[in-house]
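[1] build me a structure from this.
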Amino acid sequence: MIRLLLTLLIVVLLAVAGFALWVRLAPSDPDLWHTDPSAARPGKGRFVMAPGGDLPPRIFAGRDPGEVLAELDAIALSEPRTERVAGAPGEGRITWVQRTRLWGFPDYITADAQPAPGGGTRLEILSRLRFGREDMGVNRTRVTRWLARLDAAMAL
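    Sure, this is the predicted structure:
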């Protein structure tokens, strides 16, 4: 009986370790994640700042799209466990991956900055999880935190 329990415990531990490695080491395919935020719809596990989303796009009057995206890139990369997956400020779109501390679950965040009608920059953001169904508000919290920092930087 003890031998069976030990075997079962080892199998469970190996399964947990395998899952943890799979989550941490799963590749980030830019073709899947570097997508247009305006095509996304709100739902569980995602937060959309675009037409028809959780928030409307943000307009930055008198600001160039590359300038807005460069500042947002600096904000994103200043956070722990965040790296750029695709894009650059000069391209008008950037996608980052930010991982959770313990398990390393990836969330993908895409920002798109384009000239706004009448001048300035129109910013759209899509933040979504890769694994699971519910993010418990993490994506909304991240986007609003980044926007608060971006608003402060753009006000200077």
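[2] residues contacting the spatially most central residue of the chain?
    In the chain, the residue lying closest to the centroid (Cα atoms, centre = their mean) is residue 109, at 2.2 Å. Counting by Cβ atoms under 8 Å, 6 or more residues apart in numbering, residue 109 makes contact with 76, 95-98, 125-128, 139, 142-143. The C-beta positions use only the backbone N, C-alpha and C, and glycine is treated the same way.
[3] from those, which land in helices?
    Those of the contacts of residue 109 mapping onto helices are 76, 139, 142-143, per DSSP state H.
[4] any weak-confidence spans in the protein?
    Applying pLDDT under 70 to the chain flags the ranges 156.
[5] helices of that one, start to end?
    So, for the chain - with DSSP H - the helices run 2-25, 30-33, 65-77, 138-155.
[6] give me the neighbour count for residue 145.
    12 (other Cβ atoms under 10 Å).
[7] look up how far residue 127 lies from it.
    11 Å (Cβ to Cβ, to the nearest Å).
[8] same deal with residue 67?
    21 Å.
[9] who has more neighbours, those two?
    Legend: neighbour count by other Cβ under 10 Å for residue 67 and residue 127, higher for residue 127 (27 against 16).
[10] nearest residue to that one in space, please, no chain neighbours.
    Once flanking residues are discounted, residue 127 sits nearest to residue 139: 3.9 Å by Cβ to Cβ, 6 or more residues apart in numbering.
[11] residue 76 now?
    residue 96 (4.8 Å).
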